[in-house]
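1. Here's a sequence, model it:
(chains A, B, C and D)
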Number of protein chains: 2
Amino acid sequence: MSDSSPAPKRRKEQRPLEILRAAIDLFGEQGFAHTTISAIAKRAGAAKGTVYLYFETKEALFEEAVRQFIKPMFSGIKLSVDRFPGTNRELLEMLIRRVYAQLVENEERRAIIRIVISEGQRFPHLGQFYHREIIQHAQKMIGQILQRGVAAGEFRESLAKSFPAVLMGPVMLAAVWKMTFDTAQPLNVQRFCEAHLDLIMQGLCTR
Amino acid sequence: MSDSSPAPKRRKEQRPLEILRAAIDLFGEQGFAHTTISAIAKRAGAAKGTVYLYFETKEALFEEAVRQFIKPMFSGIKLSVDRFPGTNRELLEMLIRRVYAQLVENEERRAIIRIVISEGQRFPHLGQFYHREIIQHAQKMIGQILQRGVAAGEFRESLAKSFPAVLMGPVMLAAVWKMTFDTAQPLNVQRFCEAHLDLIMQGLCTR
DNA sequence: TCTCATAATGACCCACGGGTCAGTAAGCGT
DNA sequence: ACGCTTACTGACCCGTGGGTCATTATGAGA
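-> Now for the predicted structure:
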C-alpha cells in the first residue's frame, strides 16, 4: 500500500523530475519572472525548501527545465529520411504535417517556443541550445530532402537549398499566431497547413 | 544658453513622450518584469516620481508605450495598391521586401514583435491591438493583391487567398531568428528574402 | 522498537522594486 | 521682488518573492 498522492513523503529520486515538470508548466504559462518557486513547489507537491535541495537557483532550475523539454521535441519529428519509401515530395509533405502536429497543435511545445523567444535575451544559452538541438538537425534533414528531390527531378533548383528554414517560415508564424492572435482571429491549423503546402509546392505564379 | 541636458528642469509637455521612448527601449531590451520604473525615469532624464505624474501604473505605461510604437509600424509598410504602375507580382515583391526592411532589419521593430509575443499572455490587449493595427491591414492588402493577380492571370488560384498570412511566414521566422539564433548562426536577411520570394513565386515542384 | 542518516519542511531573512507624498524650486504674473 | 502655482524630486513605505536553515519526519537497518 502507501504512496500515491495523500502522503507520498520521502524516498524519492524522481523528485527532481516532478519539480522540472511543474516548473516547465508554470514557466510556460507565466514566464520566468512571474513564476515563483513556491508555486512550482506547490504544484510539484513539495515545499519550497525541497526545490532548493535539487536546484541551486531559480535560474538553474529554469535552464534545466527548458533543456529537459527541448530535447524530446525533435524525436517526435525525426523520421528516417534515408529509408522513406515514397517520393521526396511526399516525404517533405509528411515532415511538414508532422511539424504542425508536434509544434503548433501541442500547447506545451508552443510554450517552449514562447519561452525561447521571450527569455532568449536574458538566457542566451537557451537560444544556442535550441539551435543545436532542433534547428540544426531540421536544417540538415530538409537540406537532404531538397537535394535528393532535385536529383530525382521532383524539385527544381531553388534558393531554398541555401535556406532550408524558409520552408518552415509559416510554421513559426502559425505557432506565434496561436499564442498571440488566436483570440482575435482563431487559426484553423489544418487548413493553414494545406495552404502552406500548396504554396511551397506550387508557388504562386502561372507559367 | 540654458536647456540642453545639464539642467532641463521644468516646463515640459514633451515629458510623456520622452518617458514612453525610454520605456519602450527598456521593455524591448529586458522585458516587462525586469524593467524598473527607476531605470525608465533615469533614461528619460527624470525622477521616478515624475513617471507617476503622467502614468497611473507600470502596466498602464507599458501598454501605452507599446501602442505608441505599434501604430506607426504599418505606415512604413503601407503602399498604395490601387495606383501601383507595375504588375501584381512586382507589387507583392516590393511589399515583401519592404516588410523585411521595416520589421526584420529594424531592431526596434523586432523588439516590438518580441514584446507582443512575450507579454501577449499577460496583456491580451496587446495581441488584439497588434492584430487590429497590423495583421488585419496586412491581410487585406495581400488578399487584394492576390485577387487581382489571379484576375490578371499572373497568379494561379491558390489556397493562399484564404490565408494571406502564409505568404508572410518566413518573415516571422526571420524576425525570430534574428532575435534568438543570430549568435548561433547569423542570418543573411537579404539572401533569405530572395529565397523567400523565389519560393513563394515559383514553388518547389517541377512541372 | 530504537537509532540514525537524511529527505523534507516552512518560518524567517532581506533585497528589490512598485507606488506615495511631503517638500523643493522653477517660472510667471504683478 | 515677492508670492503662488505646479512640475518635479527622491526618501520612504511595504508587499513580494528568492534563498536559508534549524527543526521535524521518515524509513531502513539492527
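
2. pLDDT on the host helix or strand of A:K178, on average?
-> With elements taken from DSSP states H and E, the one containing A:K178 is helix A:169-180. When pLDDT is averaged over helix A:169-180, the result is 98.

3. what angle separates that helix from helix B:169-180?
-> Angle, helix A:169-180 to helix B:169-180, by axes from the mean of the first three to the mean of the last three Cα atoms, to 10 degrees: 70 degrees.

4. Domain-wise, how is chain A divided?
-> Domain assignment for chain A by automatic domain parsing gives A:15-55, A:70-202.

5. nearest residue to A:R89 other than its sequence neighbours?
-> Setting aside the residues directly before and after it, A:R89 is nearest to A:E154 in space (Cβ to Cβ, 6 or more residues apart in numbering or on different chains), at 5.1 Å. All C-beta spots, glycine's among them, are computed from the backbone N, C-alpha and C.

6. Read off the pLDDT value for that neighbour.
-> Predicted confidence (pLDDT) for A:E154: 96.

7. What's the local residue count around the residue nearest to A:R43 when sequence neighbours are not counted?
-> Excluding its sequence neighbours, the residue lying closest to A:R43 (Cβ to Cβ, 6+ apart) is A:A22, at 3.9 Å. A:A22 has 21 neighbouring residues, counting by other Cβ atoms under 10 Å in any protein chain shown.

8. With A:G153 instead?
-> 9.

9. Quick one: residues contacting it.
-> B:T206 (Cβ atoms under 8 Å, 6 or more residues apart in numbering or on different chains).

10. And it, how far from A:N88?
-> Remark: distance between A:G153 and A:N88 (Cβ to Cβ, to the nearest Å) = 10 Å.

11. ditto for A:T35
-> To A:N88, A:T35 is 44 Å away according to Cβ to Cβ.

12. ok, now A:V99?
-> The value you get for A:V99 to A:N88, if Cβ to Cβ is used, is 16 Å.

13. same deal with A:L173?
-> A:L173 is 24 Å from A:N88, by Cβ to Cβ.

14. who's more crowded, the two?
-> Neighbours were counted for A:L173 and for A:N88 using other Cβ under 10 Å; A:L173 has more, 27 against 22.

15. Spit out the contact partners of that one.
-> Contacts of A:L173 (Cβ under 8 Å, 6+ apart): B:A165, B:V166, B:M168, B:G169, B:V171, B:M172, B:L173.

16. and what of A:F181?
-> A:L187, B:G127, B:Q128, B:Y130, B:H131, B:I135.

17. Kindly recompute the last result at 6 Å.
-> The contact partners of A:F181, by Cβ atoms under 6 Å, 6 or more residues apart in numbering or on different chains, come to B:G127, B:H131.

18. how near is it to DNA strand C?
-> In this view, A:F181 and DNA strand C are 27 Å apart by Cβ to the nearest atom of the strand, to the nearest Å.

19. Under the pLDDT cut-off, which ranges of chain A? List them.
-> Applying pLDDT under 70 to chain A flags the ranges A:1-12.

20. Skipping its backbone neighbours, what lies nearest A:F32 in space?
-> A:F32's closest residue in space is A:E119 (Cβ to Cβ, 6+ apart), at 5.3 Å.

21. Next up, the contacts around A:K58.
-> Per Cβ under 6 Å, 6+ apart, neighbours of A:K58: A:I37.

22. and the longest helix anywhere in chain A, what does it pack onto?
-> The helix that spans the most residues within chain A, counting by DSSP state H, is helix A:15-34. Helix A:15-34 sits against helix A:37-43, helix A:58-75, with contacts defined as 3 or more Cβ pairs under 6 Å, 6 or more residues apart in numbering or on different chains; DSSP states H and E.

23. Are the shortest one and DNA strand D in contact anywhere?
-> Yes - Helix A:37-43 comes into contact with DNA strand D (Cβ under 7 Å from any atom of the strand), by way of A:I37, A:S38.
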